[in-house]
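Student: Could you look at this predicted model? Sequence included:
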Amino acid sequence: MTYRAPINDILLSLNHGAGLAAAVEAGHYGDFDGDITAAVLEEAANLPPMCWRR
């Protein structure tokens, strides 16, 4: 069984728990938006597990 990162859970935590959605709407991050956040997390989830070892 392979690990699948909980991207939707992470996005929910960032947007609502950490207040990212409110900060983006307030314009604190310029052109940054939720689509960019999702794209970065999805690509990070595709990295091979050896990339995350220390």
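Tutor: Structure's in. What do you need? Numbering: from 1, shown residues only.
Student: Check which helices and strands the top helix by length along the chain sits against.
Tutor: Among the segments of the chain that qualify as a helix by DSSP state H, the longest is helix 34-45. In terms of contacts (3 or more CB pairs under 8 Å, 6 or more residues apart in numbering; DSSP states H and E), helix 34-45 is packed against helix 7-12, helix 20-25. (C-beta placed from N, C-alpha, C; glycine too.)
Student: chain center to it, what's the gap?
Tutor: On the basis of CA atoms, centre = their mean, to the nearest Å, the separation between the geometric centre of helix 34-45 and that of its chain is 5 Å.
Student: Could I get the average pLDDT for that helix?
Tutor: Within the predicted structure, the mean pLDDT of helix 34-45 is 92.
Student: Buried residues in it, which are they?
Tutor: By neighbour count, and taking 16 or more other CB atoms under 10 Å as the criterion, the buried residues in helix 34-45 are Thr37, Leu41.
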